[in-house]
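Visitor: no sequence on this one, just coordinates:
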């Protein structure tokens with residue numbers, strides 16, 4: 001694991017520019033961010049952790065994955081937005097919107113969002129987001145870590161998952177600069193922090209969703225999967241569904257899957 005601690009020369013929202021910590025290879029940028037937060041209690045400094053590859057990347061519900069060096073973007077933003085723990089989904093939705101904007105500007109394609117934390121392009125998963133709370137001593141609100149992983153080049157997706165995952169290069173035939181996209185993500189993320197939880201982010205998140213009206217399989221954290229229809233995304237970012245047996249449920253945990261028809 002190789003790390004490099006640098007200071008970005010850009011400033012955002014009138015605040016001091018964030019510290020950048022870079023790795024050629026690390027286990028997980030979210031893990032590194034969590035350790036940093038616990039060692040620097042009280043500093044409340046925005047720090048961004050960037051890796052060329054990860055050996056123990058983490059997704060939702062305890063999933064793990066290995067990421068090849070130089071094929072994707074793996075970064076985590078440690079920040080202090082004064083959000084209560086129950087509002088961490090606001091940070092997830094914010095990250096999805098910001099990531100979608102950045103990809104659009106650099107690659108010229110606009111991914112869609114699959115509730116709650118994945119970006120899709122061409123009917124396949126392009127990027128994932130994992131937001132975590134870090135509870136710190138004598139702090140009223142937790143630190144938030146927004147972790148993002150984006151498949152940039154074709155080799156980011158191996159043959160075993162090529163039927164469900166894709167990359168920017170695979171969808172556009174463009175070999176964009178990872179560094180340029182990383183810079184765009186960071187700049188967009190930091191300059192819009194005050195909009196977390198805003199109607200603007202909620203509206204854009206809703207508009208970018210491709211699951212509304214579709215049949216989905218709901219996989220709750222506890223219990224058996226069941227079929228339902230996705231109805232709408234509510235103001236708290238929970239997903240309203242209609243199970244096949246009748247009634248309506250608002251999901252604020254678990255996950256869903258949807259079968260997509262892919263042309264060609």
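Guide: Noted; the coordinates are in hand. Since the structure is predicted, the reported quantities are computational estimates derived from the model, not experimental observations.
Visitor: chain neighbours aside, what residue packs nearest to residue 91?
Guide: Leaving out its chain neighbours, the residue that sits closest to residue 91 by C-beta to C-beta, 6 or more residues apart in numbering is residue 131, at 4.7 Å. For every residue, glycine as well, the C-beta is placed using N, CA and C.
Visitor: can you give me the neighbour number for that neighbour?
Guide: The number of residues packed around residue 131, counting by other C-beta atoms under 10 Å, is 25.
Visitor: do the same with the one 4 residues further on
Guide: Burial measure for residue 135: 11 neighbouring residues, criterion other C-beta under 10 Å.
Visitor: quick check: the closest residue to it other than its chain neighbours vs residue 41, distance?
Guide: The spatial neighbour of residue 135 that comes closest, neighbours along the chain excluded (C-beta to C-beta, 6+ apart), is residue 142 at 4.9 Å. Taking C-beta to C-beta, to the nearest Å as the criterion, residue 142 is separated from residue 41 by 12 Å.
Visitor: same check, this time on residue 177
Guide: Distance from residue 177 to residue 41, by C-beta to C-beta: 36 Å.
Visitor: one more: residue 82?
Guide: The gap separating residue 82 from residue 41 is 16 Å, by C-beta to C-beta.
Visitor: secondary structure class for residue 221?
Guide: The three-state label for residue 221, taken from DSSP: H, G, I helix; E, B strand; the rest coil, comes out as coil.
Visitor: pretty sure it sits against residue 254.
Guide: Yes: with contacts counted by C-beta atoms under 8 Å, residue 221 reaches residue 254, the gap being 5.2 Å.
Visitor: so which of these two has more stuff around it?
Guide: Comparing residue 221 with residue 254 by other C-beta under 10 Å, the one with more neighbours is residue 254, at 16 against 8.
Visitor: list the contacts for the closest residue to the more buried one other than its chain neighbours?
Guide: By the measure of C-beta to C-beta, 6+ apart, the closest residue to residue 254 outside its immediate chain neighbours is residue 220, 4.2 Å from it. Contacts here follow C-beta atoms under 8 Å, 6 or more residues apart in numbering; on that basis residue 220 touches 251, 253-254.
Visitor: now, which of those sits nearest residue 104?
Guide: Within these, the smallest distance to residue 104 is 27.5 Å, found for residue 251 (C-beta to C-beta).
Visitor: confirm for me that that closest one is in contact with residue 242.
Guide: No: between residue 251 and residue 242 there is no contact under C-beta under 8 Å: 11.5 Å.
Visitor: which of those two has more neighbours?
Guide: More neighbours surround residue 251 than the other of residue 251 and residue 242, with 19 against 15 (other C-beta under 10 Å).
Visitor: spatially nearest residue to that one, not counting backbone neighbours?
Guide: residue 239 (4.5 Å).
Visitor: likewise residue 140?
Guide: Looking at residue 140 with C-beta to C-beta, 6+ apart, the closest residue is residue 82, at 7.8 Å.
Visitor: and the one you found, what element?
Guide: Using DSSP states H and E, residue 82 falls within no helix or strand.
Visitor: go ahead and confirm it touches residue 141.
Guide: Yes: counting by C-beta under 8 Å, residue 141 is a contact partner of residue 82 at 4.8 Å.
Visitor: list the buried residues in the lengthiest helix in the chain.
Guide: Using DSSP state H to assign secondary structure, the helix with the most residues in the chain is helix 88-107. Buried positions in helix 88-107, judged by neighbour count with 16 or more other C-beta atoms under 10 Å: 88-103, 106-107.
Visitor: and it, what does it pack against?
Guide: In terms of contact count using 3 or more C-beta pairs under 8 Å, 6 or more residues apart in numbering; DSSP states H and E, helix 88-107 is assigned the packing partners strand 118-121, strand 124-134, strand 143-151, helix 168-172, helix 178-191, helix 199-208.
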